[in-house]
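Q: Predicted model and sequence follow; I will ask about them next.
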Amino acid sequence: MTLGRLVFAVAASAALCAQGAAGSARAAAPKAAVEGELSDSLRAAIGVAVGETDKPIENRFEARRRAREAAEDAVAVLRSEGYYANAVEADVTETEPAQPIVRVTPGQRFRIQDPKVEWIAPEPDPGVQLAGEAVMGLANGQAGRAADVLGAEGRILAAVQKRGYADVAPGERQVIVDHADQSVRPTFRIVSGELVRLDGVELVTPGRTNTAWLKNLAPWKVGDAYDPDDVGELERRLLDTGVYDSVTVALAGKEKATPDGLRPVIVSIADRKRRTLELGASYSTSEGAGADARWTRYNVLGRADTLSYYGRASTVDSRLGAELTLPHWRRAQQTLKGQAGLYRVRTDAYDETGVGVRADVERRYGKTSYVTVGASLDYSQTQERQAGTLSSLGRKLVTASVLGAMALDRSDDPLDPKRGWRVEARLEPTLIVGADTLPYLKAQTQGSIYVPFDEKGRTVLAGRLKAGSIVGGLIPEVPASRRFYSGGGGSVRGYAYQAIGPRLADNTPQGGLAVLEASVELRQKIGRRWGVVAFVDAGSVGSDQIPSGKDLSLGAGLGVRYDLGFGPIRADIAIPLEKRRGDAPFQVYLSIGQSF
């Protein structure tokens, strides 16, 4: 009985699919057949304009009506492409039921001749007139396409507005189509209005934002000529803070002009909720379980600031602290971040408990490139094993560090890059004070590149290279908590966290003074949402100060990606190719975004 039901269900599904396919076939039928000697691009454009239908034709009258409508659509396309001497005939077949036909003869394509710009008084400055005419982009002899003519007018208006004429508008456009010489002669009439100069910023919505701070964000000075890019930049600067639900920035109307003729820029903002609470959880076979909580307050100081209190409890890394972020600090696109907190780290290589404070100033260039300078101060107690005796060594340390970092991102997507490259570097001069005093320099850099094999980036070859070095200290002078380690989801997959590199006699990771890592991935998109990845990772941790690649450990594996819309969710499984005592036969990694 069960088998019979299964067969029936399969048969029913097949019948439904067949019906759906038939319905799809009807839906794909064009409203009218297009005949004539046409280029592929012109035939495609007419086909799109004519469109498709799933309604069957019931009589010849209906067929003729569709043919006439299709002919009108074809004429519109032909004229827009510069074929003004066209011949289009609407007809129907002699079959039953009759089918609509459109016979198209495009004729000779008309060409642009003598494009002109007429400036309606008051005329703009001569330099502005030349700039507007320079971007018109119409040359004698080019195809007389309607889109090109409209685009030329738009470019003229944009060029004039860019130079301070905020109220510029198009007058009545004149386009003469001359059948005698098959030409299209456009004349653009431009009403520029008066030159507009800017006043300050006027905030029209009450809220938590300090008006004086907001006014200082304006990328212009009072009296500067209007530039739409400046107005747009102010809107971007406000949106980038992340503390507003909506931001609107616009030039005030003429009626708002000051006695000196200056016009303010009107800003309207809607504050997001004062507070948010975020909760999270994670689990890894190599790093254990973890739970996170973050309570954030927005705009407490009235300058788009963010104040967060956070806590994390996990097997490896537990923290409790507070963080204050001040965007556009002292100048636009510059952010001050201050942080203070307690931490406890438990790893196979060392244990560390401490308290620390840090402050960073980040200067952004674009959305994803930045330069950062900062400083930090930590007091910690560490426990690590000594190499010779394997006895536990405890240290009380005061660590002061200065940070210099940069990142340059020229990829096309932060979570799922398909083309471009990235490079970043960090320098951390550090002074450790404890039983002994040790100054050293920790330096590391990483670069990645993404090469698509097709225009849409469905097949991508991605590569990553990382190198790091500690100069000025030796093992065991450099505490275990400050050394380099490798292995895990962010470095070499197939190995557990800290599993790559020198180990003590009891298999405890020792860490090193240098690290070298490399990864290669072949990413293939399947359908709209899914993708697969094949990868090889390599890593080496050494006791010398110069990365050498000795004792390289290799890991390889496969992964699956599912596109969430804003980025992919990642699931990777990898095996160690240089398996040592204590290494698991494989590792599994789950995360959001590509691995690099």
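A: Noted; the coordinates are in hand. Note that the coordinates shown come from a computational prediction; the quantities given were computed from them, not determined experimentally.
Q: Is it correct that Ala349 is in contact with Tyr497?
A: No - using Cβ atoms under 8 Å, Ala349 makes no contact with Tyr497, being 9.4 Å away. Placement of C-beta: from N, CA and C, glycine included.
Q: shared neighbours, the two?
A: Tyr485 (Cβ atoms under 8 Å, 6 or more residues apart in numbering).
Q: ok, so what distance separates Leu251 from Gly557?
A: Distance, Leu251 to Gly557, by Cβ to Cβ, to the nearest Å: 56 Å.
Q: Compare the two and say which is more crowded by neighbours.
A: Gly557 (20 against 17; other Cβ atoms under 10 Å).
Q: Now do the contacts for Arg581.
A: Asn507.
Q: Please identify which helix or strand holds it.
A: Using DSSP states H and E, Arg581 sits within no helix or strand.
Q: how about it, phi and psi?
A: phi -60, psi 130 (degrees, to the nearest 10).
Q: From Arg503, how far off is it?
A: 9 Å.
Q: swap in Leu277?
A: 42 Å.
Q: Which of those two has more residues huddled nearby?
A: Arg503 (18 against 8).
Q: which stretches of the stretch 1-150 of the chain form helices?
A: Here the stretch 1-150 of the chain has its helices, by DSSP state H, counting those that start in this stretch, at 2-27, 40-50, 60-80, 126-134, 146-162.
Q: For the protein, which element, helix or strand, carries the lowest mean pLDDT?
A: Every helix and strand of the chain was ranked by mean pLDDT, DSSP states H and E. The lowest is helix 2-27, at a mean of 39.
Q: Which pLDDT value goes with the residue located most distally from the centre of the chain?
A: Ranked by distance from the centre of the chain (Cα atoms, centre = their mean), the top residue is Glu94, with 56.4 Å. Looking at Glu94, its pLDDT reads 86.
Q: burial count for Asn59?
A: Other residues close to Asn59 by other Cβ under 10 Å number 11.
Q: Kindly state the pLDDT recorded for it?
A: pLDDT recorded at Asn59 is 88.
Q: again with Ser369
A: Listed pLDDT for Ser369 reads 89.
Q: For it, give me its contacts.
A: By Cβ under 8 Å, 6+ apart, the contact list for Ser369 reads Ala407, Leu408, Asp409.
Q: Which pLDDT value belongs to the last one?
A: The one in question is Asp409. Looking at Asp409, its pLDDT is 94.
Q: Touching, it and Arg422? I think so.
A: Yes - contact criterion Cβ under 8 Å: Asp409 and Arg422 qualify, at 4.9 Å.
Q: Can you give the contact residues for stretch 339-356?
A: 310, 315-324, 357-359, 376-384, 479-481, 483, 485, 497-498, 508-511.
Q: Name only those of these that count as buried.
A: The neighbour count (16 or more other Cβ atoms under 10 Å) marks 310, 316-319, 321, 323-324, 358-359, 376, 378, 380, 382, 384, 479-481, 483, 485, 497-498, 508-511 as buried among the contacts of stretch 339-356.
Q: Now intersect those residues with the strands, please.
A: 310, 317-319, 321, 323-324, 358-359, 376, 378, 380, 382, 384 (DSSP state E).
Q: Can you tell me the element the most centrally placed residue in the chain falls in?
A: Centroid-nearest residue in the chain: Asp413, 4.0 Å away (criterion: Cα atoms, centre = their mean). Using DSSP H and E, Asp413 falls within no helix or strand.
Q: Do you have the strands of the stretch 151-300 of the chain handy? List them.
A: Secondary structure of the stretch 151-300 of the chain (DSSP state E, counting those that start in this stretch): strands at 169-170, 174-178, 183-191, 197-203, 244-251, 262-271, 275-284, 288-298.
Q: is it true that Ile526 touches Val560?
A: No - using Cβ under 8 Å, Ile526 makes no contact with Val560, being 9.5 Å away.
Q: Next, find the distance separating the residue lying closest to Gln174 once chain neighbours are set aside from Tyr83.
A: Nearest residue to Gln174 in three dimensions, chain neighbours excluded: Thr187, at 4.4 Å (Cβ to Cβ, 6 or more residues apart in numbering). Distance of Thr187 to Tyr83, given as Cβ to Cβ: 22 Å.
Q: Looking at these two, which one has more neighbours?
A: Tyr83 (25 against 15).
Q: and the more buried one, what does it touch?
A: Pro106, Gly107, Gln108, Arg109, Phe110.
Q: Below-threshold pLDDT in this protein: ranges please.
A: Within the chain, the segments meeting pLDDT under 70 span 1-28, 284-287, 388-389.
Q: Repeat the analysis, applying 80 as the threshold.
A: 1-28, 282-289, 366-367, 387-392, 548-549 (pLDDT under 80).
Q: all strands of the stretch 301-450 of the chain, in order?
A: Under DSSP E, counting those that start in this stretch, the stretch 301-450 of the chain gives strands at 306-314, 317-326, 334-346, 350-365, 369-385, 392-409, 420-433, 437-452.
Q: Dump these to CSV, plus distance to Arg237.
A: Shown next, in CSV, are the strands of the stretch 301-450 of the chain (distance: least, Cβ to Cβ, whole Å):
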stretch, distance to Arg237
strand 306-314, 15
strand 317-326, 13
strand 334-346, 11
strand 350-365, 10
strand 369-385, 15
strand 392-409, 19
strand 420-433, 24
strand 437-452, 29
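Q: quick one, which of those is nearest to Ala180?
A: strand 437-452 (50.4 Å; Cβ to Cβ).
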